[in-house]
Each structure stands twice: as C-alpha cells, then as structure tokens.
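Novice: got a predicted model here, sequence first, then my questions.
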Amino acid sequence: MVSLSNHEGGRDRDLVPRGAQPCNRCPGLQSSAPMPPHQNVAVIGAGVIGTCIAAKLIDDGHGVTLIDPLEPGRATSYGNAGGIAATGVVPLSMPGTIRKVPGWLADPLGPLTIRWSYLPKLAPWLWRFWRAGTPEKVEAQADALAALLKRTYLDWDPLWKAAGLDGLVRRDGCLSLYETKADYEADAEGWRLRRDRGIRCEVIDRHEIRQLEPNVAPLFEMAVNLPEWSWVLDPHRIVTGVADYAGGRGLRSWRGKAVAARFGANGVEAIITDTGVVPCDAVVVAAGAWSHDAAHWFGSKVPLETERGYHMTLPKAGIEVRHTLNLGGWVMTPMQMGLRLAGTVELAGLHAPPNWRRAEILVERAKRILPGLDATDATPWMGHRPSLPDSLPVISGSPHHKNVFFAFGASHLGLTEGATTGALIADLVSGRTPGIDMTPYRIDRF
Ligand SMILES: Cc1cc2nc3c(=O)[nH]c(=O)nc-3n(C[C@H](O)[C@H](O)[C@H](O)COP(=O)(O)OP(=O)(O)OC[C@H]3O[C@@H](n4cnc5c(N)ncnc54)[C@H](O)[C@@H]3O)c2cc1C
C-alpha cells in the first residue's frame, strides 16, 4: 500500500538525482515490454492533460495520485475556447509568419502582443520559433500534429461517455470567416496543409454564411467550414468530470505544489510537495506552462514558453451563434455559461499581471461582427498556454530516468489533445508500444 500521510519525513540527502539511469524503454523513448501496474504513479498537474493521463492510467490498473495545489482544471484548462480542434494541423510558425509580426504588434487590436520588458528572456524561444518555420519543418510538424489529432475522437469519445460528459459536446463545426478573398488567400498555405492531410475544408460564400449564421453582420465575403471541428459547452466541467470519473475508480488527489523529487536505488521514489511527501514508483510531469522546473529535476531542459491568452464570457449575449466562429487569432464559442470570446497571444511570461485591455478588445471586435451583442456582466480571464517553439507537445519518457514521463506543451490544442495524450502516456507507462511514432514528441528533440 502507498501511504499518503502529510506527515512523512523527507530525506533531504536524496533530493538530488543519484546519476542518470538510462531509460530502458528506448529507442524513441517508446515502450515495448508490457510492465506490471505501478503502485502509485504521481501525476504532477491537474489540468486537462494531467487529469486525462490519470484517468487512462487508472483504466490500465495503475495506482495514481494527482498532485496540484489547485482543484482540477483551475489553471489554463479552465477558460479555453472549448474547441476540439481535430483539424488543427497547422503549426504556428510558418514561412512568412515572422514578416507579419511587426504589423500584428503595431495593431492594438491585433492577435499578438509582446511585453517588451520580457523580450530578453523571450528571445531564445523566438529564435527557435522562427527557425521552426521552414517549409520542410512545417510539413514534418503538420504530419506530427495530424498523427495526434486524427486520434482525437477515438480517444475522447470513450472517455466522455464513461464520464457522462457527452452531453457537453457539440459537433456542429467551425466557420473561419474572411472579409475578402485576399484575406483567405493569405491563409492558403494553412488550408493546403489541412487538405493534404485529409481534413475536410468546405469553402462557402456570403450567401451560405448568411444561411448558417443569420446573426453575423454581412461583412464576410467567404468562409471555410470545418465539419470535423467540435466544441465543448464548458471546458472546466470536462476536466472536473474526468477527475470525478477517475476519482470514482480510485484516483487519489494531493493538494500541494511539487517542489522536488527524491531518488532511491530503483529511481524516483517520491515527489516532495509543500504539503508533504508523496511516495511513488513512477512520475508523469504534466504541469502545463510550469513544467520546466520538474523537467530540470529529471535532467531535461526544454524551451517551454507561455503564450498567454484571454477570454471574455458574455452571459447575456442575447444573440444566437450556431458554430464556433474563427476570426483569425480569436474565436467565438457558444457555451453553457454564455458566448465566450477567446484567443490572442501575449508573450509576457508567467509572472506579469494580466492586461485586461486584451480581453476588452475581444468584446469591441465581437460587437462589430454581431450587432446588438450585449456585454452586460461579461467576465474576463487570462490563461497560460504551454508552448514549445515547434508547435508540438512533449509526450515522452525521460532519456535519463526510467519511470519518469513528460506530457506538456500542447499550446493551443491542450483540450483537443487531452485524451490522446492520456492514452499515449498510459501506453508508455504500461510498457506498450504506442500506435504512432513518438519521435517528434520526444523531450530531447531540441
Ligand atoms: C485563450 C485560450 C484559448 C484556448 N482555446 C483552446 C481550444 O479551443 N482548444 C484547445 O484544445 N486548447 C485551447 N487552449 C489551450 C489549452 O487550454 C491548453 O493547452 C491546456 O489547457 C493546457 O493544459 P495543461 O493541463 O497542460 O495545463 P494547465 O491547465 O495549465 O494545468 C497545469 C496544472 O499544473 C499545476 N502545476 C503547476 N506547477 C505545479 C507544481 N509544481 N506542482 C503541482 N502542480 C503544478 C497547475 O496548478 C495547473 O493546475 C486555449 C488556451 C487559451 C489560453
């Protein structure tokens, strides 16, 4: 039995690694030999990624403790746009992206802003981001995203069903709206990348937009309908629902911040938190944008940044929207609690206070598109997307320590990739070979 008392004594001398132990699940940090269930896998981070991992590990028969100072889903996974973006194979850094940046930065209503005081810290990440945007790399990254995303519904559907969450899923697609044909053509490469990977992209005209979304102002010459996109009516309830499901099957929760790992003869044997020690025989680091510290404990350095994003939820919007509407850099999603306007990117690190003007701007822009929109009692929110410069997540075993795994960096797609990340990490932890090539998601790829 694993004890989870808050009063266990830590052995400080063991808080540093006793030398690297090569992972026996290589090559590609992919498992190949089935392993007996672990007594206690410590999952650090109870966002959508960590919670889905916990649920899939429990399904595999492992004991699991989910460690977080917060309730499940209270950080970035709380307020996202709810998109199940199975169509999202386009990396963020594309040939030509960097040329658009000055225009975006100059536009106070633009999709990107940088806190200039943060630039020195950000520069190495930006450099890698820019270098990730060559045509060859973009094709490879799009393939790697497509390999993950084509499993989206295969992995989510059974979990939604088991957790009683299918009623929160809407499968009505997403319309990407364009005011001019030139705007659409500026995105042509992204649409080609999607079509080349078998994603249905239906171009529709002004008349069809009107039929599908009668309340949208007649500003848009054309749109692309993505029928394979769906959305959830409350992203936070998705996480709490999965946590409740796993809790009913034996998941243990530990409220505390992980601050160190303790190693023994067989590798990691405990996670030290600010509220006590959690003994474990395996660890998964799934702490979102805060994962770099824990990666360090296990000898891995990652160029993890946060792309901060904002939402404004309008409980009394008073206007029906039938699809997710993508306006390029931000979206509108009809949810249970109101119409959510969400998106944009602010590069300002983990510690700077929110700039609520970024959220207010979303309302100003939405009022132009939905005349008569009521913003009474609108609530703002800011979250920290965890992002690697190549737009791919880390889903990986440790190259240094057996029984240590990493799952973070899902960037704009964490909700979408939650169940698949859970299934892939469960494969690795359980010693099964995952159904896809895991090389692109290795932690040591940088
Ligand atoms: C505005 C916006 C819109 C978005 N829209 C979408 C969308 O439509 N579709 C989509 O798929 N994705 C979307 N995303 C992205 C998505 O929300 C994220 O990728 C996802 O929430 C990341 O989940 P996570 O579990 O990795 O991180 P988080 O949800 O941030 O969870 C990480 C958890 O780790 C905990 N933690 C941190 N450090 C420690 C520690 N030392 N010890 C213990 N616990 C720790 C934190 O408290 C937190 O609870 C959006 C994001 C934003 C900001």
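Specialist: Looks like it arrived, so ask away.

Novice: for Ile44, give me the backbone phi and psi.
Specialist: phi -90, psi 110 (degrees, to the nearest 10).

Novice: should've said Arg308
Specialist: Torsion angles at Arg308 (phi, psi; degrees, to the nearest 10) stand at phi -70, psi 140.

Novice: residues contacting it?
Specialist: Going by CB atoms under 8 Å, 6 or more residues apart in numbering, Arg308 touches Val345, Glu346, Leu347, Ala348, Pro354, Met382, Gly383, His384, Arg385. (C-beta placed from N, C-alpha, C; glycine too.)

Novice: distance of the nearest residue to it once chain neighbours are set aside from Pro380?
Specialist: Using CB to CB, 6 or more residues apart in numbering and skipping the chain neighbours, the partner closest in space to Arg308 is Glu346 (4.2 Å). Applying CB to CB, to the nearest Å, the value for Glu346 to Pro380 is 13 Å.

Novice: who touches both of the two?
Specialist: Here Glu346 and Pro380 have Tyr310 as joint contacts, going by CB under 8 Å, 6+ apart.

Novice: who's more crowded, the two?
Specialist: Glu346 (22 against 18; other CB atoms under 10 Å).

Novice: hang on, the more buried one in a helix?
Specialist: No - counting by DSSP: H, G, I helix; E, B strand; the rest coil, Glu346 falls outside a helix, being strand.

Novice: which residues of this protein score low on pLDDT?
Specialist: 1-33, 108-109 (pLDDT under 70).

Novice: quick one, helices of it?
Specialist: Listed in chain order, the helices of the chain (DSSP state H) span 48-59, 97-106, 119-131, 135-149, 152-162, 181-186, 188-196, 206-212, 235-248, 291-297, 357-369, 414-430.

Novice: so which elements touch the longest one?
Specialist: If you count contacts as 3 or more CB pairs under 8 Å, 6 or more residues apart in numbering; DSSP states H and E, helix 414-430 packs onto helix 48-59, strand 83-84, helix 135-149, helix 152-162, helix 235-248, strand 282-285, strand 394-397, strand 404-408.

Novice: now those in a markdown table, with mean neighbour count and distance to Gly256?
Specialist: Shown next, in a markdown table, are the helices and strands packed on helix 414-430 (neighbours: other CB atoms under 10 Å; distance: least, CB to CB, whole Å):
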| stretch | mean neighbour count | distance to Gly256 |
| --- | --- | --- |
| helix 48-59 | 29 | 14 |
| strand 83-84 | 26 | 31 |
| helix 135-149 | 19 | 31 |
| helix 152-162 | 18 | 26 |
| helix 235-248 | 22 | 16 |
| strand 282-285 | 29 | 14 |
| strand 394-397 | 28 | 23 |
| strand 404-408 | 30 | 19 |
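
Novice: now render the ones you listed as JSON lines, adding distance to the ligand.
Specialist: Listed next are those as JSON lines, based on distance: least, CB to the nearest ligand atom, whole Å:
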{"stretch": "helix 48-59", "distance to the ligand": "4"}
{"stretch": "strand 83-84", "distance to the ligand": "3"}
{"stretch": "helix 135-149", "distance to the ligand": "10"}
{"stretch": "helix 152-162", "distance to the ligand": "9"}
{"stretch": "helix 235-248", "distance to the ligand": "7"}
{"stretch": "strand 282-285", "distance to the ligand": "9"}
{"stretch": "strand 394-397", "distance to the ligand": "10"}
{"stretch": "strand 404-408", "distance to the ligand": "5"}
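
Novice: Ser176 is nearest to which of the ones you listed?
Specialist: Closest of the helices and strands packed on helix 414-430 to Ser176 is strand 83-84, at 11.8 Å (criterion: CB to CB).

Novice: that closest one - which strands sit beside it in the sheet, and in what orientation?
Specialist: Applying DSSP bridges to the sheet, strand 83-84 is found paired with strand 230-232 (antiparallel).

Novice: what are the contacting residues of stretch 209-216?
Specialist: Contacts to stretch 209-216, defined as CB under 8 Å, 6+ apart, come from residues 175, 177, 204, 218, 220, 222-223, 225, 319-323, 325, 369-370.

Novice: mind running it again at 6 Å?
Specialist: Defining contact as CB atoms under 6 Å, 6 or more residues apart in numbering, one finds that stretch 209-216 is touched by Phe220, Ala223, Ile319, Glu320, Leu370.

Novice: which parts of the stretch 301-446 of the chain sit against the ligand?
Specialist: By CB under 6 Å from any ligand atom, the residues of the stretch 301-446 of the chain that approach the ligand are 309-311, 342-343, 383-386, 408, 410-416.

Novice: list buried residues within these.
Specialist: 309-311, 342-343, 383-386, 408, 410-416 (16 or more other CB atoms under 10 Å).

Novice: sort out for me which of these are in strands.
Specialist: Here DSSP state E is the test, and these give Gly309, Tyr310, His311, Ala342, Gly343, Gly383, His384, Arg385, Pro386, Phe408 as lying in strands.

Novice: can you report how many residues neighbour the closest residue to Asp155 other than its chain neighbours?
Specialist: Sequence neighbours aside, Ala419 is the residue nearest to Asp155 in space, at 3.8 Å (criterion: CB to CB, 6+ apart). Here the count is done by other CB under 10 Å, and Ala419 has 28 residues near it.

Novice: which ones are touching Ala419?
Specialist: So Ala419 contacts Cys52, Asp155, Trp156, Leu159 (CB under 6 Å, 6+ apart).

Novice: return the member of those residues nearest to Gly329.
Specialist: Trp156 (25.2 Å).

Novice: and that closest one, how close does it get to His236?
Specialist: Taken as CB to CB, the span from Trp156 to His236 is 16 Å.

Novice: repeat that for Thr420.
Specialist: Note on Thr420: its distance to His236, by CB to CB, is 20 Å.

Novice: same check, this time on Thr273
Specialist: From Thr273 to His236 the distance is 23 Å (CB to CB).

Novice: residues contacting the nearest residue to Ile199 once chain neighbours are set aside?
Specialist: Using CB to CB, 6+ apart and skipping the chain neighbours, the partner closest in space to Ile199 is Thr87 (4.9 Å). Contacts for Thr87 (CB under 6 Å, 6+ apart) come out as Ile199, Leu226, Glu228, Trp229.
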